[in-house]
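Student: when you get a sec, could you give me coordinates for this:
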Amino acid sequence: MSVTPADRAAEIVGHEHLRVSPGDGYAVDGVRPGAVALAGTPEETGALLAAAGEIGAGVLPWGAGAHQHLGGVPSRADLVIATGRLRGITDYTPADYVVAVRAGTPFRDLQAELAKHGQWLPVDPPGAAAATVGGIVAANRNGPRRLLWGAIRDMVIGIRAALPTGELIKAGGKVVKNVAGYDLAKLFIGSLGAVGILTEVTFKISPLPEAGLTVMVTLPDLAAAHDLTTAVMRSYLLPSAMEAANAAALRRLAAAAGAPAPPAHAWGVLLLAEGLEESRVRHVNEMRTLVGARGAMEVLEGEPHRALWEAVAEFPSPATHPGAVVCRAGGPIARWPDFARAAAAAGGDAAPVLAHAGVGLVYAAARAAAGGALVEALGQAARSAGGYAVVEAAPAALKAALPIWGAEPGGLELMRRLRAAYDPRGIMVPGRLGWSLS
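Tutor: Numbers count the residues shown, from 1 in each chain. As a prediction, this is how the structure comes out:
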């Protein structure tokens, strides 16, 4: 009688931490796993991976499932290794502005603990309410505050992980400046678990801003929005985030904030100012000067302000666009209007478009029927701009026909060699990566 992944997993984590035939609770794009093992220690995580390799079982890592819509449809899912039992802060001295936390810790729990000391991890990713720390890192999820604070990769200074071979490794450490050499921690960021499963992450953290407000500007068209965002980038202002939204996206965001609906075909520019009162007032006054007669300006504070930026952060989430195709395109900052025009041409006025205008990222959504055209249009615009375009979310039935990961990147052969070195038996995330990497 052959040994199954469930048999081996039960030997490692015990039957009480094993789910056999778990149904849709752990399904990825409709693919149900054969078994789910809840690892309680890094050693158990490594042992589960080693056992999966021995019997050739396909493995899907799982934090809270908040980002499982990313990537291709799994070709198989013999075993899900869940990290929900790997919780808690392992090392934290507030004066050092560094925290080490187990990968299965809910992101909101980490932020709540840091906030007690006037600190935070300055990322606001989609899915933050449910996501785990490890899931956010493995999926490389970032939000609108990336403009001022940087991306998650800028905050990770160390990791502990279990490799597909079962080995446990450590990369980086507690200090912000580590010894020069290969930065293995960066290999895990955005990997979706392809090179191993994170068990602990060390971050550099920041002081929590005193307060915040939103400057919402309504403008007649895309050209006016581009002019204003360019003027902000050339000014001395340091907003935490700056968004540009077409009318369809702006209606969604205004509704979330309880603000009046914008005029048809309008564009909006949203500025997030945080910190000391003097800084916030300066942002408002300077924006009045920059806007001038270009459009209408409103200042939001309190709950409307908070709700607005939560909606901005969640814009890429599939729950925001049920059944739709959601794309992300990135390139030079000055080229974000090209992506917006391409999205409008493919999806029409009803397709919401939101740009992180200060970092050159554009998100766009379209009905499933127009999804292929949207992906193609953004892909062409990205190639012209020297950027990229990928599918963030799409119905599983459509994924096989869409270029989920966009055009083939440079360095693909190096990626294949790394995959072969870290996962010699090819058990991790089968079917999830593009360009035949898994």
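
Student: break this protein down into its structural domains.
Tutor: Per automatic domain parsing, the structural domains of the chain span 1-208, 212-313, 318-399.

Student: neighbours of Arg141, how many?
Tutor: Using other Cβ atoms under 10 Å, Arg141 has 24 neighbouring residues. C-betas here are computed from N, CA, C, even on glycine.

Student: and the domains of the chain as JSON lines, adding distance to Leu414 and mean pLDDT?
Tutor: Shown next, in JSON lines, are those (distance: least, Cβ to Cβ, whole Å; pLDDT from 0 to 100):
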{"stretch": "domain 1-208", "distance to Leu414": "11", "mean pLDDT": "94"}
{"stretch": "domain 212-313", "distance to Leu414": "33", "mean pLDDT": "96"}
{"stretch": "domain 318-399", "distance to Leu414": "17", "mean pLDDT": "96"}
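
Student: of all the ones you listed, which lies closest to Gly431?
Tutor: The closest of the domains of the chain to Gly431 is domain 1-208. By Cβ to Cβ, the value is 3.2 Å.

Student: rewinding a little: the domains of the chain: which one's closest to Asp423?
Tutor: Closest approach to Asp423 among those (Cβ to Cβ): domain 1-208, 4.2 Å.

Student: neighbours of Val215, just the number please.
Tutor: Neighbour count of Val215, defined by other Cβ under 10 Å: 25.

Student: name the SS class of it, please.
Tutor: Following DSSP: H, G, I helix; E, B strand; the rest coil, Val215 is assigned to strand.

Student: what sits against it?
Tutor: Taking Cβ atoms under 8 Å, 6 or more residues apart in numbering as the criterion, Val215 is in contact with 270-271, 273, 283-284, 287, 297-299.

Student: check Phe315 too.
Tutor: With Cβ under 8 Å, 6+ apart, Phe315 has these contacts: 126, 249, 252-253, 352, 354, 363.

Student: just those residues: which are in strands?
Tutor: Counted as lying in strands by DSSP state E, out of the contacts of Phe315, are 354, 363.

Student: can you list the contacts of Phe315 in TSV and add neighbour count?
Tutor: Putting these into TSV (neighbours: other Cβ atoms under 10 Å) gives the following:
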residue	neighbour count
Pro126	25
Ala249	25
Arg252	19
Leu253	25
Pro352	25
Leu354	28
Tyr363	26
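
Student: state the helix or strand in which Ala401 lies.
Tutor: Using DSSP states H and E, Ala401 sits within no helix or strand.

Student: residues contacting it?
Tutor: By Cβ under 8 Å, 6+ apart, the contact list for Ala401 reads Gly372.

Student: give me phi/psi at it?
Tutor: The phi/psi pair for Ala401 (degrees, to the nearest 10) reads phi -90, psi 0.

Student: distance of it relative to Ala394?
Tutor: Distance, Ala401 to Ala394, by Cβ to Cβ, to the nearest Å: 9 Å.
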